[in-house]
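>>> This is the structure alone, sequence omitted:
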């Protein structure tokens, strides 16, 4: 029964999150050697995880959709009209890079993480300000070169 529940939970999680793979990923448990093509894809940045089917919500940083850390690409497929909704980036930790894809007919706002950064103890910034936007059917890359400071381009 435990195995059945685990498989069901995994299928739910994987229904909106996926992994673009080159080669074959190693199994989730047990010691094995990784597939060389997969490992080369990982080192070349081709085997990045992404999540889609997200909905931007809220009208302020405090009410925006807080994005779960651990993904490289976040695709927003539903958004409020007139740019009145938003998403909040994960905490800015040096070396992290993410991109936000807007697959909607509306512009939405991207905010720094809702909570203060655990490393700096302060609110993160994006381009030394409090927010930026992603226009209709486009994307924006965010790079954290310094803890707490996102560069959005």
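Nice, I can see it. Keep in mind it's a predicted model, so treat the numbers as computed, not measured.
>>> give me the beta-bridge partners of residue 51?
Under the criterion DSSP bridges, residue 51 forms beta bridges with residue 17, residue 74.
>>> thinking it is in contact with residue 73, fair?
Yes - contact status for residue 51 versus residue 73: in contact at 7.4 Å, counting by C-beta atoms under 8 Å. For glycine as for every other residue, the C-beta is placed from the backbone atoms N, C-alpha and C.
>>> what lines up beside whichever strand in the chain runs longest in the sheet?
Using DSSP state E, we find that the single longest strand of the chain is strand 138-146. Pairing partners of strand 138-146, with direction, according to DSSP bridges: strand 97-102 (antiparallel), strand 149-152 (antiparallel).
>>> now these as JSON lines including mean pLDDT, mean neighbour count and distance to residue 26?
Shown next, in JSON lines, are the strands paired with strand 138-146 (pLDDT from 0 to 100; neighbours: other C-beta atoms under 10 Å; distance: least, C-beta to C-beta, whole Å):
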{"stretch": "strand 97-102", "mean pLDDT": "96", "mean neighbour count": "20", "distance to residue 26": "23"}
{"stretch": "strand 149-152", "mean pLDDT": "97", "mean neighbour count": "20", "distance to residue 26": "31"}
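>>> want to throw the ones you listed into JSON lines with distance to residue 125?
Output for those, formatted as JSON lines (distance: least, C-beta to C-beta, whole Å):
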{"stretch": "strand 97-102", "distance to residue 125": "15"}
{"stretch": "strand 149-152", "distance to residue 125": "6"}
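>>> pLDDT below threshold where in this structure?
1-23, 38, 40-47 (pLDDT under 70).
>>> Would you map the strands across it?
Secondary structure of the chain (DSSP E): strands located at 17-19, 49-55, 65-66, 73-78, 86-88, 97-102, 108-111, 125-126, 132-134, 138-146, 149-152.
>>> so which of the strands paired with strand 138-146 comes closest to residue 121?
Across these, residue 121 has its closest neighbour in strand 149-152 (13.9 Å, C-beta to C-beta).
>>> quick one: contacts of that closest one?
With contacts defined as C-beta atoms under 8 Å, 6 or more residues apart in numbering, strand 149-152 is touched by 89, 92, 110, 112, 124-128, 132, 140-145.
>>> Give me the buried entries from the residues you listed.
Neighbour-count burial (16 or more other C-beta atoms under 10 Å) is assigned, among the contacts of strand 149-152, to 89, 92, 110, 112, 124, 125, 126, 132, 140, 142, 143, 144.
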